[in-house]
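S.K.: what's the 3D shape of this:
(chains A and B)
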Amino acid sequence: MARKALIAGVTGQDGAYLAKYLLEKGYTLIGSSRDAQTCDTSRLERLGIQSDLELVSIAPNDFRSVLKALSTLEPDEIYNLAGQTSVGLSFEQPVECMESIAGGTLNFLEVMRYLGLPSKLFSAGSSECFGDIDVESATESTAFKPRSPYAVAKSTSFWQVANYRQAYGMYCCTGILANHESPLRPSRFVTQKIIQSVRLIKQGVLQELRLGNLDVWRDWGWAPEYVIAAYQMLQQSEPKDYLIASGRTTSLREFVRLAFAAANLESEPYLKTDSDLVRPSDIRYSSMDPTLIRDELGWSAETSMEEIVQRMYEGKLI
Amino acid sequence: METSTKIALITGITGQDGSYLAELLLDKGYVVHGIKRRSSSFNTNRIDHLYQDPHVSESRLILHYGDLTDSTNLIRIIQQVRPDEIYNLGAQSHVAVSFESPEYTANSDALGTLRILEAVRILGLIETTRIYQASTSELYGLVQETPQKETTPFYPRSPYGVAKLYAYWITVNYRESYGMYACNGILFNHESPRRGETFVTRKITRGLARIAAGLDQCLFMGNLDSLRDWGHARDYVEMQWMMLQQDKPEDFVIATGRQESVRRFIELTAKALGWGGIVWNGEGVEETGTRADTGSIVVRIDPRYFRPSEVETLLGDPTQAREKLGWTPTITLEELITEMVNTDQEEASKEAILRREGFIVVGSMENPPSCINAEIKGPCT
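M.R.: Residues are numbered from 1 along each chain as shown, chains lettered A, B, ... in the order given. Modelled structure (predicted):
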């Protein structure tokens, strides 16, 4: 019988790519959004899979909603990708951030515990939890030093999952995901904002690209590869947390240069810094070490920075 | 030149720390505002002795009904009070309970802290209001180094620990993002005669004192080998106040630097009661503790008190508090236990007298079962 998976947050970038991957593996797939009737299914449509999965409404911050869904569906695997996703937005909506991320995770854990479900849970963690990595690269045992309400909520979620795994022997784990991009990234994310602006500049519609702080460094990867790591984490005999990253750090300035290069343009003439776009606090440098997931699960990020930017510029989905 | 009176706001003022802190601040001439939750029964017994009749004199202790789960309530109170200092001590603070009420714990302990920080930010009080956040050694949980200090990584082991983790980091985040004077006191366990009866130290001193008075027969315990760093709450609230008097905000560990087991705490309590000590027999769930003087069994194990995931050991390093703020604890563990035992013996004596005189005394349902009437051969049901 086909394995059944539930993806909470299926309408987002990762949800859509993971849905496509699991469907290709022959899963019976259910995806959820807070409101299945009004949600934005465009990413599922762009991948051509909108008719291949069942779409349901689940509000992760509402215990009853999660209880009803899990007791009815009884999925073998649960991928909780739901919750607020924007570091910048979290400074303005810190309560919604905490409730949707940590409250949501807690509800999934509590429902699984309450029902005694043998399901496996993947929780989406974030490398934002590490904060500034000063000396060496971050690994799974690097202490968290979160620098935004988003990162604080994700840190909380990580420890909730760890606590339930240890206290109750549940199969639940966190993939600590470094930044991962694709053409399905929403435009509030700086990478997509840059790509879209470059396209408009090339067309002569836009004259400038306004950014906040260009001197930030991140580990950027290709989202379709990263969802495979999430899947692999749920196929093991024992649950374990893994850092999912490329191990390669690039500056935002360099990303901008590559984006303009994809359009055969120089970045200098169009680049403007705007202090209003600078965050109240931000991570300057973020370096990751994905050795563990490579050694134990055989997963590694293969797509180069140049290819990522090129594919985003061309709108190449896979 | 007259120094204007400082105004403090304490959440959790009806708790152990809240009551000692209120006393300290009133002694220092503060006007003290406290937030307490509405209850259909009186719940101010720890601060009743501080009550000043407003008809007689101007009261410097003012209470407000409020709740850390209610954003607008907090904003309104802080707007009215305009405190110079906020001490966020209010929380669901019982580790074992948090396993059964993880969501409520997160709401009051994690989001509650965020609501306080956001209230100060929203009301434009960042320049004038300092915030103390009650953080906890439970953050260290499965300790990553011993002793634990300010730089030790966290590893929480309960929903309480996780909620407090959120509160700690959101406090740091608001300090860094907005320049708020907000800081964490990472307090290791701190006790007193005012400790809640379901916290293990008070459970022990009260339980054994009641056995001494003939009111109970046996104390049921969980993990006897847990190690903790225990201080006196009165010492610790002094440090909380000091942390808000500095030029810039900083997080501090508050601890004694001395570690003992729960088993040892029981033995010291028995000594303070004049029993000589406790003799231990058997092991695991079958283990019993008998009075060294009479040989009667007074301690048994009940597995219901084992936690789903345990914090085996905590030991704090308060070097930074000593070197930067000149703070050291003054009350030893033995003195703490003696003080707690004296108070609990007095309470037990009162009850014994009432019972002897024929009054009906009903205990609390939260009082652990102790087989007051049964002949004990095995664990009570």
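
S.K.: Grab the longest helix from chain B for me.
M.R.: If you go by DSSP state H, chain B has its longest helix at helix B:333-356.

S.K.: neighbouring contacts of it?
M.R.: The contact list for helix B:333-356, computed with CB atoms under 8 Å, 6 or more residues apart in numbering or on different chains, reads B:191-193, B:195, B:201-202, B:205-206, B:208-210, B:212-215, B:230-232, B:256, B:258, B:260, B:265, B:268-269, B:272-273, B:331, B:361. Bear in mind the C-beta positions are built from the backbone N, C-alpha and C, glycine included.

S.K.: So among these, which ones count as buried?
M.R.: Those of those that meet the buried threshold are B:191-193, B:195, B:201-202, B:205-206, B:208-210, B:212-213, B:215, B:230-232, B:256, B:260, B:265, B:268-269, B:272-273, B:331, by 16 or more other CB atoms under 10 Å in any protein chain shown.

S.K.: Restricted to strands, list those.
M.R.: Mapping these onto strands (DSSP state E) picks out B:191, B:231-232, B:260.

S.K.: what's the farthest-apart pair in these?
M.R.: Longest distance between any two of these is 14.0 Å, between B:H232 and B:E260; criterion CB to CB.

S.K.: Run through the neighbouring helices and strands of the lowest-mean-pLDDT helix or strand in chain B.
M.R.: In chain B, the helix or strand scored least confidently by mean pLDDT, DSSP states H and E is helix B:95-100, which has a mean of 92. When contacts are defined as 3 or more CB pairs under 8 Å, 6 or more residues apart in numbering or on different chains; DSSP states H and E, helix B:95-100 packs onto helix B:159-178.

S.K.: So which bits of the helix it packs on are buried?
M.R.: When burial is assessed from 16+ other CB under 10 Å, helix B:159-178 yields the following buried residues: B:159-177.

S.K.: How far off centre is that helix?
M.R.: Put simply, helix B:159-178 sits 19 Å off its chain's centre (CA atoms, centre = their mean, to the nearest Å).

S.K.: Which strands border whichever helix or strand comes after it, and is each parallel or antiparallel?
M.R.: For helix B:159-178, the succeeding helix or strand toward the C-terminus, using DSSP states H and E, is strand B:182-187. The strands that strand B:182-187 pairs with in its sheet are strand B:130-136 (parallel), strand B:252-254 (parallel) (by DSSP bridges).

S.K.: Let me see the mean pLDDT of the shortest one.
M.R.: Averaging pLDDT along strand B:252-254 yields 98.

S.K.: just to revisit the earlier point, could I get the strands paired with strand B:182-187 as JSON lines with mean neighbour count?
M.R.: Shown next, in JSON lines, are these (neighbours: other CB atoms under 10 Å in any protein chain shown):
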{"stretch": "strand B:130-136", "mean neighbour count": "25"}
{"stretch": "strand B:252-254", "mean neighbour count": "27"}
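
S.K.: Reformat the ones you listed as CSV; add distance to B:I297.
M.R.: Formatted as CSV, the strands paired with strand B:182-187 follow (distance: least, CB to CB, whole Å):
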stretch, distance to B:I297
strand B:130-136, 34
strand B:252-254, 37
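
S.K.: In PDB, could you pull the C-alpha coordinates for the longest helix of chain B?
M.R.: Provided in PDB are the C-alpha atoms of helix B:333-356 (Å, rounded to 0.1, in the frame of the first residue of the first chain):
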ATOM      1  CA  LEU B 333      21.900  25.400  52.500                       C
ATOM      2  CA  GLU B 334      21.800  24.300  56.100                       C
ATOM      3  CA  GLU B 335      20.500  27.700  57.200                       C
ATOM      4  CA  LEU B 336      17.900  27.700  54.400                       C
ATOM      5  CA  ILE B 337      16.700  24.200  55.500                       C
ATOM      6  CA  THR B 338      16.500  25.200  59.100                       C
ATOM      7  CA  GLU B 339      14.400  28.300  58.300                       C
ATOM      8  CA  MET B 340      12.100  26.200  56.100                       C
ATOM      9  CA  VAL B 341      11.800  23.500  58.700                       C
ATOM     10  CA  ASN B 342      11.000  25.900  61.500                       C
ATOM     11  CA  THR B 343       8.200  27.500  59.500                       C
ATOM     12  CA  ASP B 344       6.800  24.200  58.400                       C
ATOM     13  CA  GLN B 345       6.900  22.800  61.900                       C
ATOM     14  CA  GLU B 346       5.000  25.800  63.100                       C
ATOM     15  CA  GLU B 347       2.300  25.300  60.500                       C
ATOM     16  CA  ALA B 348       2.100  21.600  61.300                       C
ATOM     17  CA  SER B 349       1.800  22.400  65.000                       C
ATOM     18  CA  LYS B 350      -1.000  24.700  64.300                       C
ATOM     19  CA  GLU B 351      -2.900  22.000  62.400                       C
ATOM     20  CA  ALA B 352      -2.100  19.400  65.000                       C
ATOM     21  CA  ILE B 353      -3.600  21.600  67.700                       C
ATOM     22  CA  LEU B 354      -6.700  22.200  65.600                       C
ATOM     23  CA  ARG B 355      -7.200  18.500  65.000                       C
ATOM     24  CA  ARG B 356      -6.600  17.700  68.700                       C
END
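
S.K.: Sort out which residues of it are buried, please.
M.R.: B:333, B:336-341, B:343-345, B:347-348, B:352.

S.K.: Which secondary structure elements does the helix or strand just after the least confident helix or strand of chain B sit against?
M.R.: Counting by DSSP H and E, the element after helix B:95-100 in chain order, helix or strand, is helix B:102-105. Here helix B:102-105 touches helix A:104-115, helix B:159-178, going by 3+ CB pairs under 8 Å, 6+ apart.

S.K.: So what touches the helix or strand that the first one is followed by?
M.R.: If I follow you right, that is helix A:104-115. Remark: after helix A:104-115, the chain's next helix or strand is strand A:120-126, criterion DSSP H and E. For strand A:120-126, the external contacting residues (CB under 8 Å, 6+ apart) are A:9, A:14, A:76-81, A:83, A:105, A:108-109, A:112, A:150-151, A:154, A:157-158, A:161, A:170-177, A:230, A:233-234, A:239, A:241.

S.K.: what is the mean pLDDT for the following helix or strand past strand A:120-126?
M.R.: Along the chain past strand A:120-126, the next helix or strand (assigned with DSSP H and E) turns out to be helix A:149-168. Mean pLDDT, computed over helix A:149-168, is 98.

S.K.: next one: stretch B:231-247
M.R.: In this model, stretch B:231-247 has a mean pLDDT of 97.

S.K.: now that stretch, how far from the chain's geometric center?
M.R.: 14 Å.
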